[in-house]
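> everything below, folded, please.
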Amino acid sequence: MQNPETNLILIVDDTPTNLEVLSEALTDAGFDVAVATSGESAIKQVEYEPPELILLDVMMPGIDGFETCYRLKTNPKTQHIPIIFMTALADTVDKVKGLSLGAVDYITKPFQQAEALARIQIHLKLQNVTLALEKQNVRLQQEIQERVSAELALQKLTQELEQRVADRTKELSQALQDLQKAQVKLIQSEKLATLGQLVAGVAHEINNPVNFIHGNLQHASCYIEDLLELINLYQTQFPNSNPEIAKKSKEIDLEFLRLDLPKIISSMAIGTQRIQEIVQSFRNFSRHDEAEVKKVNIHDGLNSTLMLIDHRLKAKPGYPAIQLIKDYGNLPAVECFAGKMNQVFMNVLSNAIDALEELMGNEQSFENSISPIIRIHTEVVASDRIMIRIADNGPGITEIVQKRVFDPFFTTKPAGKGTGLGMSISHQIVVEKHGGSLYCVSCPGNGAEFVIEIPIKQENLPDPSWWESPDLSEKSMEDQASPLIAQI
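I've put the predicted structure just below:
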């Protein structure tokens, strides 16, 4: 196994033999290796030379591996370093304890060199992907903050203009509306492009190594079964083994290996299959390669979107879990712009979660009186259209807010939390790009329901040039803004 980058790995073990075996294997694989023989020395060593990954023995004199892991994970300077435990313990409680302290994996003694190197390579790659995502997230947050500031400044300017040009011509008013609409389109186009590229890229990078591992696990399982059968045949044909073989069988606990090795392979296969499902959800959500109308399964889009926001549905301190009810009908394949429809689902579901979190935050007794619920219902209507209903049992929306909920830059959220673009963009995607309808049904105190209707077949679409229009260039926006600047 060749490592394209040199990574420092710290091995913490009080057994010199283990240190020597692992050090030699990792050095041969292209890694830099540092060693420590106790938890105390490992903590000191990490402080002045942080490694990329730590292999940590559980049973050590002084502070054991669990305590060492706890101290490293509570230190802000070292908490990001992935830790893999090395142990001969087979107790599930011990493994759960290690994982709950922040470890990312276990390597079981005696070591299988190929397996250990494969796990290390995977976790280093995941660490690199995570760091890249964090950097990208910081950049995206900075861009969002800049755009929010620009939008707030534009909103303030718009309010001032409304006061100063109340008696101006309709032409000036129309120019202002055109400028706002152009800004919404430009922002959405950039946002979707960035999100699609990011999600599709991450899915691609993860999918290749996972497919390689998942495909080889089946062969490894067959090989292991063959070897175990061969061992059984030897024991049957030669029941009286020599003392050296008997000693070695006892040292490695052959009977335990027979039982545990197939379980390990099976659990690894389940894990890689789960990663493949997550990657497929990423692909379904982004639909980065589908810029044209295609037949898709709407339920796949809903499910992939739900997977991306699953963390927001789970229970948190002070907030109960949000119950999700999926009442899916029998829908045919629907012709649509899949990626843009997934963006609509994301906006509507995120707003529903925001509403429920706001209600739970204002009413501490919420969890004792009523459970937060989001219900998704799909059905075919009028034989040529489908309907998606997304409802929550939150605080509801007043009639005044309902009239403006799809207006650009309108938001009821605190400054800096909402831009007022999500529902406006969703309305444009559904109505202007798909020839459908998007409306809200709500009453204060009784929750809110957003209803999406789109045709099953996209035959007579409105002219979609508004979405891909070359007039969304910065030069064109400057030209549209010129009359406003002159009037000011």
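> where along the stretch 251-400 of the chain do the strands fall?
Taking DSSP state E, counting those that start in this stretch as the test, the strands found in the stretch 251-400 of the chain are 294-296, 323-327, 334-336, 373-381, 385-392.
> could you dump those strands to a markdown table with distance to Leu140, mean neighbour count and mean pLDDT?
C-betas here are computed from N, CA, C, even on glycine. Below are the strands of the stretch 251-400 of the chain laid out as a markdown table (distance: least, C-beta to C-beta, whole Å; neighbours: other C-beta atoms under 10 Å; pLDDT from 0 to 100):
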| stretch | distance to Leu140 | mean neighbour count | mean pLDDT |
| --- | --- | --- | --- |
| strand 294-296 | 27 | 16 | 88 |
| strand 323-327 | 27 | 12 | 93 |
| strand 334-336 | 26 | 24 | 91 |
| strand 373-381 | 26 | 17 | 94 |
| strand 385-392 | 25 | 21 | 94 |
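> closest to Glu47 out of the ones you listed?
Among these, strand 323-327 comes nearest to Glu47, with 44.3 Å by C-beta to C-beta.
> strand 385-392 and that closest one, what's the angle between them?
Going by axes from the mean of the first three to the mean of the last three C-alpha atoms, to 10 degrees, strand 323-327 is angled at 160 degrees with respect to strand 385-392.
> where in the stretch 1-150 of the chain is pLDDT low?
Along the stretch 1-150 of the chain, the model assigns pLDDT under 70 to residues 1-6, 89-92, 94.
> what about 50?
Filtered on pLDDT under 50, the stretch 1-150 of the chain yields the residue ranges 1-4.
> show me the strands in it, by range?
So, for the stretch 1-150 of the chain - with DSSP E, counting those that start in this stretch - the strands run 8-12, 32-36, 53-57, 83-87, 105-108.
> pick the most deeply packed of the ones you listed.
strand 53-57 (a mean of 26; mean count of other C-beta atoms under 10 Å).
> tell me what that one is packed against?
Secondary-structure packing of strand 53-57 (3 or more C-beta pairs under 8 Å, 6 or more residues apart in numbering; DSSP states H and E): strand 8-12, helix 39-48, helix 65-74, strand 83-87, helix 113-164.
> columns distance to Glu449 on top of these, output as TSV?
Listed next are those as TSV, based on distance: least, C-beta to C-beta, whole Å:
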stretch	distance to Glu449
strand 8-12	54
helix 39-48	53
helix 65-74	43
strand 83-87	46
helix 113-164	28
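> thought Ser38 was touching Met60?
Yes. Assessed by C-beta atoms under 8 Å, Ser38 is found in contact with Met60 at 6.1 Å.
> need the overlap of contacts for the two.
Val12, Asp14 (C-beta atoms under 8 Å, 6 or more residues apart in numbering).
> quick check: closest non-adjacent residue to Thr27.
Sequence neighbours aside, Val33 is the residue nearest to Thr27 in space, at 5.6 Å (criterion: C-beta to C-beta, 6 or more residues apart in numbering).
> circling back to that earlier point, closest one to Leu140 among the strands of the stretch 1-150 of the chain?
Using C-beta to C-beta, the nearest of those to Leu140 is strand 53-57, at 27.0 Å.
> gap between the spatially most central residue of the chain and Ile353?
By C-alpha atoms, centre = their mean, the chain has its centre lying nearest to Leu308, at 5.1 Å. Noted for Leu308: a distance of 12 Å to Ile353, by C-beta to C-beta, to the nearest Å.
> now Val93
For Val93 relative to Ile353 (C-beta to C-beta), the value is 35 Å.
> ok, the two, which is more surrounded?
Ile353 (17 against 8; other C-beta atoms under 10 Å).
> pretty sure the residue nearest to the centre of the chain is touching Phe345, no?
No. Contact criterion C-beta under 8 Å: Leu308 and Phe345 do not qualify, at 9.9 Å.
> distance of the closest residue to Ala321 other than its chain neighbours relative to Gly394?
Of all residues not flanking Ala321 in the chain, Ala315 sits nearest, at 4.0 Å (C-beta to C-beta, 6+ apart). Separation of Ala315 from Gly394 (C-beta to C-beta) stands at 17 Å.
> please apply the same query to Phe238.
In terms of C-beta to C-beta, Phe238 sits 72 Å off from Gly394.
> the more surrounded of those two?
Gly394 (24 against 10).
> mind listing what the residue nearest to Leu55 when sequence neighbours are not counted touches?
Closest residue to Leu55 apart from its sequence neighbours, by C-beta to C-beta, 6+ apart: Ile11 at 4.8 Å. Residues near Ile11 by C-beta under 8 Å, 6+ apart: Asn18, Leu19, Leu22, Ser23, Leu26, Val33, Ala34, Val35, Ala36, Leu55.
> dump those residues to a markdown table, plus distance to Gln142.
Output for the contacts of Ile11, formatted as a markdown table (distance: C-beta to C-beta, whole Å):
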| residue | distance to Gln142 |
| --- | --- |
| Asn18 | 45 |
| Leu19 | 44 |
| Leu22 | 41 |
| Ser23 | 42 |
| Leu26 | 38 |
| Val33 | 37 |
| Ala34 | 35 |
| Val35 | 40 |
| Ala36 | 38 |
| Leu55 | 36 |
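> tell me who's in contact with Leu72.
Counting by C-beta under 8 Å, 6+ apart, Leu72 has contacts Ile43, Val46, Ile54, Thr78, Gln79, Ile81, Ile83, Gly102.
> now that we have the residues you listed, which one has the most neighbours?
Ile54 (27 neighbours).
> look at Ser38 and Met60 and report which has more neighbours.
Neighbour totals were compared for Ser38 and Met60, and Met60 leads with 22 against 17 (other C-beta under 10 Å).
> need phi/psi at the residue nearest to Ala321.
phi -70, psi 140 (degrees, to the nearest 10).
> and Ile454, that's in a strand?
Yes. Assessed by DSSP: H, G, I helix; E, B strand; the rest coil, Ile454 belongs to a strand.
> doesn't Ile386 make contact with it?
Yes. Judged on C-beta under 8 Å, Ile454 makes contact with Ile386 at a distance of 6.3 Å.
> so Glu453 touches Asp384, yeah?
No. The pair Glu453 / Asp384 is not scored as a contact, 10.5 Å apart, by C-beta under 8 Å.
> counting neighbours, go ahead and name the busier of those two.
Counted by other C-beta under 10 Å, Glu453 and Asp384 do not tie: Glu453 has more neighbours, with 19 against 10.
> can you pull the contacts of that one?
Contact partners of Glu453, counting by C-beta under 8 Å, 6+ apart, are Val381, Arg385, Ile386, Met387, Ile388, Val430, Gly436, Ser437, Leu438.
> can you put those in a markdown table and add distance to Tyr223?
Shown next, in a markdown table, are the contacts of Glu453 (distance: C-beta to C-beta, whole Å):
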| residue | distance to Tyr223 |
| --- | --- |
| Val381 | 55 |
| Arg385 | 54 |
| Ile386 | 49 |
| Met387 | 52 |
| Ile388 | 48 |
| Val430 | 53 |
| Gly436 | 54 |
| Ser437 | 58 |
| Leu438 | 55 |
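> which of the residues you listed sits closest to Phe409?
Among the contacts of Glu453, Leu438 lies closest to Phe409 (C-beta to C-beta), at 17.7 Å.
> for that closest one, what are its contacts?
Per C-beta under 8 Å, 6+ apart, neighbours of Leu438: Val344, Phe406, Ser426, His427, Val430, Val431, Phe450, Val451, Ile452, Glu453.
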